[in-house]
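Peer 1: Sharing a model that was predicted from the sequence below.
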Amino acid sequence: VGTHRDPSSTLVAQRATDRRADLHFELRDHLGQPVSQFGFDGEAWIKSWERFAPGATTGGAGQRRPRMGGLDSAEEADAFFASSPEDPAFAPSVERLRAFLQRVGPDTPIALVTSGGTTAPLERTAVRFVDNFSSGSRGAASAEYLLRAGYAVVFLHREGSLRPFDRKIPDAARWFHDSLVASYDANGIPPPNGLDWHGNSILDMLQTSTANLDRPGVCAESLAGEALRTKIDLGGHFDMINRGTLLATPFTTLFQYLNLLRALCVEMSAVATPERVMVYLAAAVSDFYVPWERLPTHKIQSREAGESGPNNLPGIDATEDGGVVIRLSQTPKMLGHVRSRWCPNAYVVGFKLETDPDILLEKANRSLVKYRMHLVVANEMHRRKDRVALVEPEGRSTWVNRPEDMADIEELMIGELARRHVKFVEESSDGKS
C-alpha cells in the first residue's frame, strides 16, 4: 500500500451521475406513474427529491452530496478515501509496519489495537475540530495485556492519548502528590507563601521537600521511587523494548485514522498464516465529519463568518445574527470492510458503547451480525471499567466482571480473547488441511 488515493475522481463523478439518474425512477415509483404524466416541472421535482430521497445525504452549504450506496457500501468507502487529504506521515508509517512485521517470528500472534478518539476538523488548518471523548485507557491497557500474553502489538493510537505501560503515570503523579501532602501535614511543614498544599503544583512541593529531607517521613526521592515501583510496570515496559514487540503509530484526525487502518490491515493480511492476526477496534471513531472538499482552508474568522456568507466558507451557512451553521455528514461505516476486504482472514473484535443498558446487548448483536465480527465487546458507559459482555455469534454472551482486587478488567478480557483467538487459529488450520 503506497498511497490511499485509489479510486479516480472520474469514477466518483460517474457514480454521482448514475445516482441522479436513479432518482428519476425513485420519484416515478413514489408517485405511482411517470413524471411526464404530470403538468408541472418534473425537473424541479427531481431537484427536490435529490435533497430528501432515501440514500441522499447532506453536502455543502445548500447542497446535497449523492450517496453512491449505503453507509456500509464499498462505493462510500472508496469515495471517502478518494477525497481524503494527503498525509506526509502515511507512507513512513506503512514502511515502519513492514519492517516491524519482518522482525516478528512466523509463529508469533499479532494484534492491531486501535485506541483513542478521532477528531473531525472544521478547517483544513484544524484550529477547530469536533472531538470524541476517549482517553485511550481501554486500548492502552488491552495492548499491555496482549504484550504480556505473547502478542506482537501494532498500537494505532490518538496522538497524546494513553499508551501501554506509561498509562498510569498520571495516577502515579497524583499518588505522589497526595503522599507528599499527607507527609507535609503530618510533619507540620508549611507550604510556600502561605498557600494551601492541596492546590499547589507538585514542582513547588518538590522544591520544598528538598529543603526538608532531614525531617522524618518527608523524602521526595523515596516517595517518587515508590510511585514508580508500585504504580508503573517498568519491568513490562523494558521487556517490551528488549523484545521489540510494540509498534506505536499515531493519528489525530478521522482522515488519518481510517487511511492508516485500511493500510495497516492490508499489510497485516499478507503475513504468513494471517489467521494469527487479531484486529482489536477499541478506538472511538467520529460518527459525523465535514468532508475535506467542504472545509475552509484557513481558520474561520468570527466576524467574516457573519459578513461573508456561505459562498466564501464551503460547508458552512452564515446566519443573520453573525453565527454559523456547520453541516456534518455521516462517516461511512468501515467495520464491514475490515472483515470483507482489508483483513478477511483475521480475528476481528469490535466494540459497542451505550449509555442505556436495556439496549446494549441488542445493539452489540446487531453490530456483530451486520459487520460479521467474530466478537463484540459490549460496554455500558458508566460501568465499562468493571463489567463488559463478550457477544459472539448464535446469541452467545459472556459477562466479564472485574474482581475488587484486580486493577484492570482488560486483564480478564484479553485472557478470554486470547483463548478464543487460539481456537480460531486452530480451527482455521484444520479447515485448510
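Peer 2: Cool, got the structure.
Peer 1: From residue 156, how far off is residue 410?
Peer 2: 17 Å (Cβ to Cβ, to the nearest Å). Glycine gets a C-beta too; all of them are placed from N, C-alpha and C.
Peer 1: how much space between residue 270 and residue 344?
Peer 2: Residue 270 sits 12 Å away from residue 344, taking Cβ to Cβ as the criterion.
Peer 1: and what of residue 328?
Peer 2: For residue 328, the distance to residue 344 under the criterion Cβ to Cβ works out to 31 Å.
Peer 1: about what we covered before: quick one, which of residue 410 and residue 156 is more surrounded?
Peer 2: Here residue 410 and residue 156 are compared on neighbour count by other Cβ atoms under 10 Å; more neighbours surround residue 156, at 28 against 25.
Peer 1: Show residues contacting the one helix or strand the more buried one maps to.
Peer 2: Assigned by DSSP states H and E, residue 156 falls within strand 152-158. Counting by Cβ atoms under 8 Å, 6 or more residues apart in numbering, the neighbours of strand 152-158 from elsewhere in the structure are 97, 100, 104, 108-118, 134, 136, 139-140, 143, 146-147, 163-164, 245-252, 257, 260-261, 264, 268, 283.
Peer 1: Who does that strand pair with, and is each partner parallel or antiparallel?
Peer 2: Take DSSP bridges as the rule and strand 152-158 pairs in its sheet with strand 110-115 (parallel), strand 246-251 (parallel).
Peer 1: On the pLDDT front, check residue 169 for me.
Peer 2: According to the predicted model, the pLDDT of residue 169 comes to 70.
Peer 1: Over to the one 10 residues further on?
Peer 2: Residue 179 is assigned 68 on the pLDDT scale.
Peer 1: can you pull out the helices in the stretch 201-350 of the chain?
Peer 2: In the stretch 201-350 of the chain, helices defined by DSSP state H, counting those that start in this stretch lie at 202-210, 220-231, 234-243, 254-268, 302-308, 335-337, listed in chain order.
Peer 1: Run through the neighbouring helices and strands of the fourth one.
Peer 2: The one in question is helix 254-268. Helix 254-268 makes packing contacts with helix 74-83, helix 90-103, strand 110-115, strand 152-158, strand 246-251, strand 277-281 when contacts are defined by 3 or more Cβ pairs under 8 Å, 6 or more residues apart in numbering; DSSP states H and E.
Peer 1: Let's see that with 7 Å instead.
Peer 2: helix 90-103, strand 110-115, strand 152-158, strand 246-251 (3 or more Cβ pairs under 7 Å, 6 or more residues apart in numbering; DSSP states H and E).
Peer 1: and the longest one, C-alpha only, in PDB?
Peer 2: By that I understand helix 90-103. In PDB, the C-alpha atoms belonging to helix 90-103 read as follows (Å, rounded to 0.1, in the frame of the first residue of the first chain):
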ATOM      1  CA  PHE A  90       1.300   8.000   5.900                       C
ATOM      2  CA  ALA A  91       4.000   6.300   3.800                       C
ATOM      3  CA  PRO A  92       6.600   6.300   6.600                       C
ATOM      4  CA  SER A  93       4.100   4.700   8.900                       C
ATOM      5  CA  VAL A  94       3.400   1.900   6.400                       C
ATOM      6  CA  GLU A  95       7.200   1.400   5.900                       C
ATOM      7  CA  ARG A  96       7.700   1.100   9.700                       C
ATOM      8  CA  LEU A  97       5.000  -1.500   9.800                       C
ATOM      9  CA  ARG A  98       6.600  -3.600   7.100                       C
ATOM     10  CA  ALA A  99       9.900  -3.600   8.900                       C
ATOM     11  CA  PHE A 100       8.200  -4.500  12.100                       C
ATOM     12  CA  LEU A 101       6.300  -7.400  10.600                       C
ATOM     13  CA  GLN A 102       9.600  -8.700   9.100                       C
ATOM     14  CA  ARG A 103      11.100  -8.900  12.700                       C
END
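Peer 1: now the angle between strand 110-115 and it, please.
Peer 2: 140 degrees (axes from the mean of the first three to the mean of the last three Cα atoms, to 10 degrees).
Peer 1: tell me what helix 90-103 is packed against?
Peer 2: Packed against helix 90-103 by the contact rule (3+ Cβ pairs under 7 Å, 6+ apart) you find strand 246-251, helix 254-268.
Peer 1: Please spell out which residues along that helix are buried.
Peer 2: Residues of helix 90-103 classed as buried: 90, 93, 94, 97, 100, 101 (neighbour count, 16 or more other Cβ atoms under 10 Å).
Peer 1: Thank you, goodbye.
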